[in-house]
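# Following is a predicted model, sequence given first.
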Amino acid sequence: MYINKTTAKILKLFVSQITESFTLREAARLLNMQISLAHRAIQPLLIEKIIKKDKHKKLSLDYKSHHETILFAEYLRRDEIFEKFKDIKLYADELLNKIKEDCFVLLLFGSVVESDKPRDIDVLLIVDDDNKIEFHEKFMHNIASNYELPYETRVMSFENLYELLAKRDEKNIMNEILNKHIIVYGAELFYRLIQKGR
């Protein structure tokens, strides 16, 4: 599917708010876009069923399919934040070069996603086994200590993630991340995990 610049802008809004839904007017307002332009831009996403519409005409992301298109938008968002925060890119690149796992997700969440001057930079590594958590917590902390930015690093396992996702109405780190995240690495795996967990 070809995605033009305006449709990409719409898609980035929906992947940034995985569990939220918006009216067309709300989406246009959030993007500072004319409603007629937003309407035209969203049509290909509705036709391809990447965005779905409920009976109240609220629009939301169908995160259970079309992962290739969703990943495109996720990595556009990542590249934008790396352009804005060069030091975060350096830190992320060092982590990715040194993590010796085959199956993991690395993401940013919290205020760094929304603010030009975040209080701190929350980083989450999701690994496939509880037994790997302690090692990676120390490893990430040691690398973060080489940088001047205020990194807050966390590690969780797939099992932790599933437990948190199951508590849909509870305020927890995963429910926050679904609507305030930047995926640095492992976007396809992340979407498979939330698809299974929700």
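It's in.
# Going by C-alpha atoms from here, please, whenever you check contacts or count neighbours.
OK.
# three-state assignment of the closest residue to Gln195 other than its chain neighbours?
Leaving aside its sequence neighbours, Gln195 sits nearest to Lys64 (CA to CA, 6 or more residues apart in numbering; 5.6 Å). Secondary structure assignment for Lys64 (DSSP: H, G, I helix; E, B strand; the rest coil): coil.
# close enough to count as contact, Lys64 and Tyr191?
Yes. At 7.4 Å, Lys64 counts as touching Tyr191 under the criterion of CA atoms under 8 Å.
# So the two - more neighbours on which side?
Shown here are Lys64 and Tyr191; by other CA atoms under 10 Å, Tyr191 has more neighbours (18 against 14).
# Quickly note the distance from that one to Thr23.
Taking CA to CA, to the nearest Å as the criterion, Tyr191 is separated from Thr23 by 24 Å.
# Where does Lys117 sit: helix, strand or coil?
coil.
# Can you give me the domain assignment for the protein?
5-61, 85-197 (automatic domain parsing).
# Rebuild these as JSON lines, extending it with distance to Arg77 and mean pLDDT.
As requested, the domains of the chain are exported to JSON lines (distance: least, CA to CA, whole Å; pLDDT from 0 to 100):
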{"stretch": "domain 5-61", "distance to Arg77": "7", "mean pLDDT": "94"}
{"stretch": "domain 85-197", "distance to Arg77": "7", "mean pLDDT": "93"}
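# will you turn those domains into TSV that also has distance to Tyr75?
Output for the domains of the chain, formatted as TSV (distance: least, CA to CA, whole Å):
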stretch	distance to Tyr75
domain 5-61	10
domain 85-197	7
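# how about those domains, which one is nearest Ile70?
Proximity of the domains of the chain to Ile70 was assessed by CA to CA; the nearest stretch is domain 5-61, lying at 6.8 Å.
# The residue of the chain positioned farthest from its centre sits in which helix or strand?
For the chain, the largest distance from the centre (CA atoms, centre = their mean) belongs to Ser36, which lies 27.5 Å off. Assigned by DSSP states H and E, Ser36 falls within helix 35-47.
# Chain neighbours aside, what residue packs nearest to Asn172?
The spatially closest residue to Asn172, leaving aside those adjacent along the chain, is Leu164, at 6.8 Å (CA to CA, 6+ apart).
# What residues of stretch 163-177 count as buried?
Leu164, Leu165, Met174, Asn175, Ile177 (16 or more other CA atoms under 10 Å).
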